[in-house]
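> here is the input, now give the coordinates:
(one chain, ligands or ions: 2)
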Amino acid sequence: MTQFSLFSQGPLVLLDDASGRIVYEENVIGADEAAAWLAHLLESPIWRQQRRVMYERELDVPRLTSHFDADADDLPWPLDVALERARTATRESFNSIGLNLYRDEHDSVAMHNDRLGDLVEGRPIALISLGETRRMHIRSKKQVAPRRLDLDLAAGSLLLMSWDTQLHYDHGIPKQNHPLGPRISLAFRTRKPA
Ligand SMILES: O=C(O)CCC(=O)C(=O)O
Ligand SMILES: [Fe+2]
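Numbering: from 1, shown residues only. Ligands and ions are numbered 1, 2, ... in the order given. Alright, predicted model coming up:
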């Protein structure tokens, strides 16, 4: 008898055209492993509160962040394992790991595209999600008949956005108005040498 499992869907191609390619896959990281990574990272003293000037006022960025050089020899667990998984799953090499911690439903990231000036042209961005499922909005930048994609990013999932999607789409994680636990995203990128 053939068993179809909900948990072995494989990659879902959400977009694949001249404006770029977006692929979402669940269970790239197993549930127990994702939970262990989350618990460890939440307790790690790596998180920073960044400030940003907005409307002439300096405000806290509404989430905590951290960053690691992926080529470092002393990459701490679980980032070393996560990097290997991201590389294997995408067949891309990355040299940068950005971390975002959304402590609860009030934390967010505003609609934006990742800064292409920092990235090696043509190299994608991979996001691994841990913890609470959060909704991501993806919106095309064009004013006429803009495309809208709402995605629930589950723990253990990987979202791959091609470089050129950052030219044509913005993405963001909006605040929610119902109680939510913490979520961490690991963002793998290939940055230009400084
Ligand atoms: O948390 C996420 O999944 C998205 C984070 C993001 O867009 C970024 O770090 O640039
Ligand atoms: Fe982003």
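
> tell me what the spatially most central residue of the chain is bridged to.
What sits nearest the mean C-alpha location of the chain, by Cα atoms, centre = their mean, is residue 127, with 3.0 Å. Listed by DSSP bridges, the beta-bridge partners for residue 127 are residue 159, residue 187.

> any idea how far it lies from ligand 1?
Counting by Cβ to the nearest ligand atom, to the nearest Å, the gap from residue 127 to ligand 1 is 5 Å. Placement of C-beta: from N, CA and C, glycine included.

> quick one: that residue and residue 154 touch, right?
No. Using Cβ atoms under 8 Å as the test, residue 127 is too far from residue 154 to be in contact (11.7 Å).

> in this structure, what residue lies closest to ligand 1?
residue 185 (3.2 Å; Cβ to the nearest ligand atom).

> so what's that residue closest to, chain neighbours aside?
Excluding the flanking residues, the one nearest residue 185 by Cβ to Cβ, 6 or more residues apart in numbering is residue 100, at 4.7 Å.

> check what pLDDT the one you found gets.
For residue 100, the pLDDT comes out at 98.

> kindly report the same for residue 10.
89.

> one more: residue 4?
Looking at residue 4, its pLDDT stands at 50.

> on that earlier part again, OK, contacts around the residue of the chain closest to ligand 1?
Contact analysis of residue 185 by Cβ atoms under 8 Å, 6 or more residues apart in numbering lists 99, 100, 102, 127, 128, 129, 130, 153.

> what helix or strand is it on?
Taking DSSP states H and E as the definition, residue 185 sits inside strand 183-189.

> C-alpha coordinates for that strand, CSV please?
C-alpha atoms of strand 183-189 as CSV (Å, rounded to 0.1, in the frame of the first residue of the first chain):
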residue,chain,number,x,y,z
ARG,A,183,9.9,32.7,16.1
ILE,A,184,13.5,32.7,14.8
SER,A,185,14.5,33.0,11.2
LEU,A,186,17.9,32.1,9.9
ALA,A,187,18.7,34.0,6.7
PHE,A,188,21.5,32.5,4.5
ARG,A,189,23.0,34.9,2.0
